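Engineer: Show me how the following folds:
(one chain, ligands or ions: 1)
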Amino acid sequence: MNEQIIALFEQHPDQFLSGEQLSEKLNCSRTAIWKHIEILRQQGYMFEAVPRRGYRLIGRPEKLDIPSLKSMLATKTLGRTIHYVDEIDSTQTLAHQFAEQGAEEGHLVIAERQTAGRGRMGRRWHSPKGKGIWMSLLLRPRVPLHFTPQLTLLAAVALCRAIRQTVKVEAGIKWPNDLLIDGKKISGILLETSAEDERLRYIVAGIGITANLEPEHFPEELRDVATSLRIESGQPVDREVLISSFLQQFEELYELYHEQGFAPIRLLWEALSVSLHRRIRCQKGGEYVEGYAESIDDSGALSVVLHSGERIKVYSGEVEL
Ligand code: BTN
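Structural biologist: The predicted structure is shown next:
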């Protein structure tokens, strides 16, 4: 149905088509047309809606310019091979397949749209077409499996620095690796590992950035908690520039990490964090507790001092600011 609606607008460029015309041509109700127009909006299509005239298609989802991205890249390994797809269930799944087939470190999968994007803690990740950056990076770090959370924090630092540098907005990191602007989420990172006998085989680092989403591209339930770089900066984001900057930042920090360990990454993370040295709410044994977020340790865990004076470590889950 969505394709048929777009095809009708393509056949009538720059013209208004009323709900009635569309429903007659596609043999469905006007409510069904309205619902599909909303879905198409979330996929990155833009419609002007005028009472009694109907809808006019005024914008299509944009496409990433991969040759231009490649020409910007100055990295040694990260992003040297890019696999770009228009639509996929999740870039994570495809990156895992490449990893199993022996793809090299740095292999990058990018999609314009994900139909089943994965978030942390089993959540779905909303990934409309042409508006965001939905990508998965294959890593083969030479570290023990239990060091993986450190790389999660490293990824957040790399992304935060890239966003600050290229988009010029004050993004901060909420533990462990959400990026926020003024309390609203603009990016999420999901690290998935493959291990054998406690030995780390590879990591797929999934990065989602709501680069160019407009308010109407967010489903209702996300509008209060999420925003985009475009909304916050008031400017369209050059996705190729941001991806290339992220890969550059990541590669530099990754080299530093392999040379000097987690200590310098931890300092950088702390400097960019918005969840340290303040009151937070977090989960302990399935219950919510409040306390003061004091520091992170070498395993990436958050150290929280509860009202009772007890000091606890939070290893996973969500914190509320
Ligand atoms: C989070 O819950 O905050 C993590 C979200 C990670 C989303 C990205 S988008 C690209 C990659 N593919 C996925 O399915 N998920 C990650």
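Engineer: Tell me which residues touch V225, please.
Structural biologist: 184-185 (C-beta atoms under 8 Å, 6 or more residues apart in numbering). (C-beta placed from N, C-alpha, C; glycine too.)
Engineer: what about it, distance to P215?
Structural biologist: Counting by C-beta to C-beta, to the nearest Å, the gap from V225 to P215 is 13 Å.
Engineer: Tally up the residues packed near D182, please.
Structural biologist: 12 (other C-beta atoms under 10 Å).
Engineer: check contacts around the residue of the stretch 1-150 of the chain found nearest the ligand.
Structural biologist: Residue of the stretch 1-150 of the chain nearest the ligand, by C-beta to the nearest ligand atom: G119 (2.9 Å). Applying C-beta under 8 Å, 6+ apart, we find G119 in contact with 125, 188, 190, 208.
Engineer: Counting neighbours, which of those residues comes out on top?
Structural biologist: Highest neighbour count within these: G208, with 25 neighbours (other C-beta under 10 Å).
Engineer: Note down every partner strand of the one helix or strand H83 maps to and its orientation.
Structural biologist: H83 belongs to strand 82-88 when assigned by DSSP states H and E. The strands beside strand 82-88 in its sheet (DSSP bridges) come out as strand 108-114 (parallel).
Engineer: from the middle of its chain, how far away would the next helix or strand along the chain from the strand it pairs with be?
Structural biologist: Moving toward the C-terminus from strand 108-114, the next helix or strand (DSSP H and E) is strand 117-118. Its chain's C-alpha centre and that of strand 117-118 lie 9 Å apart, by C-alpha atoms, centre = their mean, to the nearest Å.
Engineer: that older thread, and the ligand, which of the contacts of G119 reach it?
Structural biologist: Counting by C-beta under 6 Å from any ligand atom, 125, 188, 190, 208 from the contacts of G119 sit close to the ligand.
Engineer: So the second one belongs to a strand, correct?
Structural biologist: Yes - with DSSP: H, G, I helix; E, B strand; the rest coil as the criterion, G188 is assigned to a strand.
Engineer: so what's it closest to, chain neighbours aside?
Structural biologist: The shortest distance from G188 to any non-neighbouring residue, by C-beta to C-beta, 6 or more residues apart in numbering, is to G208 (5.0 Å).
Engineer: and the one you found, which of the three is it?
Structural biologist: Three-state assignment for G208 (three-state DSSP): strand.
Engineer: Please identify the buried residues of stretch 39-52?
Structural biologist: Using 16 or more other C-beta atoms under 10 Å as the test for burial, stretch 39-52 gives 40-45, 47.
Engineer: Could you pull up the residues touching I58?
Structural biologist: I58 sits next to 46-48 when contact means C-beta under 8 Å, 6+ apart.
Engineer: quick one: least confident of these?
Structural biologist: Lowest in pLDDT among the contacts of I58 is M46, which has 86.
Engineer: Contact partners for the residue of the stretch 51-200 of the chain found nearest the ligand?
Structural biologist: Closest contact between the stretch 51-200 of the chain and the ligand, by C-beta to the nearest ligand atom, is at G188 (2.1 Å). Applying C-beta under 8 Å, 6+ apart to G188 gives the contacts 119-120, 125, 177-179, 207-208.
Engineer: Let me know the closest of those to S23.
Structural biologist: Using C-beta to C-beta, W125 comes nearest to S23 of the contacts of G188, at 32.4 Å.
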